[in-house]
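Visitor: Prediction below, plus the sequence it came from.
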Amino acid sequence: MMFQKKEEIINPFSLEQCTSCKKMSKRKFKEGDYVFQTSTCSCGGKSMIIKIFGESL
Ligand SMILES: [Zn+2]
């Protein structure tokens, strides 16, 4: 994760997609998140982080 030395504030998000039901969900980036990290989806399948990005406020 790189942060620019600017005054704009970046709001990092993690985009997850379930490998079973294909549901995508965007949530706030948490310390320790990385691309291809997996978690359990509400359907019981594996949800994987496919993208981490930031938004300017
Ligand atoms: Zn699912």
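Guide: Looks like it arrived, so ask away.

Visitor: Spatially central residue in the chain, please.
Guide: Centroid-nearest residue in the chain: residue 14, 1.2 Å away (criterion: C-alpha atoms, centre = their mean).

Visitor: In contact with it, which residues?
Guide: Contacts of residue 14 were listed using C-beta atoms under 8 Å, 6 or more residues apart in numbering, and they are 26-30, 33, 49, 51-52. C-betas here are computed from N, CA, C, even on glycine.

Visitor: Show me what the longest strand along the chain pairs with in its sheet, parallel or antiparallel.
Guide: Secondary structure assigned by DSSP state E gives strand 46-56 as the longest strand of the chain. Neighbouring strands of strand 46-56 in its sheet, by DSSP bridges, are strand 10-18 (antiparallel), strand 38-40 (antiparallel).

Visitor: what's the last one in contact with?
Guide: Contacts of strand 38-40 with the rest of the structure, by C-beta under 8 Å, 6+ apart, involve 16, 46-49.

Visitor: of those residues, buried ones?
Guide: Buried by 16 or more other C-beta atoms under 10 Å: 16, 47-49, out of the contacts of strand 38-40.

Visitor: ok, so of those residues, who is nearest the ion?
Guide: Within the buried ones among the contacts of strand 38-40, the smallest distance to the ion is 6.2 Å, found for residue 47 (C-beta to the ion).
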